[in-house]
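A.B. asks: A predicted structure for the sequence below; I have some questions about it.
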Amino acid sequence: MGNAELESQRKGIEFTKEGKYDEALELLTQNDSFKSHPVSMSCYALCKAAIEFDIKSTEKLCRQALRLERSNPIIYLCMGRIYLLSGDKGLAYKVFKYGLKYSRKNKELLNELAIFGKRRSVLFPSHKRDHFLNRSTGILSLWLAMDIGRYLPFQRTKDKNALKGAVIR
């Protein structure tokens, strides 16, 4: 592989990290150079998913890149973003967490996980998070927490010291 191809791969990976998917796709497809390196293969897959919304084939490309190089967090970052584009937040979260096993201080993975926020602990830890009991009691507790605000004995107005009368429902 020549210096020009390596340089186009490097720039393509940088453009992918910056979110410039059009430019990155153009650089990565030059001479099919993305096929020789797992990171550029996963970046190509992310660019293709973002532009053409071809989730199935891009997921296969990322899995192929993972088979070639399992311990690179950038591949997990690209794969998680592909799952986010497809709308599968749960799987994206798992992929980001799995990528942190190989690089605990990767800023991009940590930023993606920070977007999800903190999850509340499950009410039945003996069951999985997506078990019926945990899902239904979690939804019920959320409804109750939102509903409690309606039944406070008073409401504050814009004047923080003035109180309205009791709310009767």
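C.D. replies: Everything's here; your move.
A.B. asks: give me the pLDDT for the closest residue to Gly80 other than its chain neighbours.
C.D. replies: Spatial nearest neighbour of Gly80, excluding adjacent residues (CB to CB, 6 or more residues apart in numbering): Val95 at 4.1 Å. Every C-beta, even on glycine, is put in place using the N, C-alpha and C of the backbone. Here, the pLDDT recorded for Val95 equals 91.
A.B. asks: my guess is Val95 contacts Ser86. True?
C.D. replies: No: using CB atoms under 8 Å, Val95 is not in contact with Ser86; the gap is 11.7 Å.
A.B. asks: re earlier: how about the residue nearest to Gly80, what does it touch?
C.D. replies: Neighbouring residues of Val95 by CB atoms under 8 Å, 6 or more residues apart in numbering: Tyr76, Met79, Gly80, Tyr83.
A.B. asks: what's around the third one, how many residues?
C.D. replies: So the one you mean is Gly80. 27 (other CB atoms under 10 Å).
A.B. asks: now do the contacts for it.
C.D. replies: Gly80 neighbours (CB under 8 Å, 6+ apart): Ala92, Tyr93, Val95, Phe96, Gly99, Leu109, Glu112.
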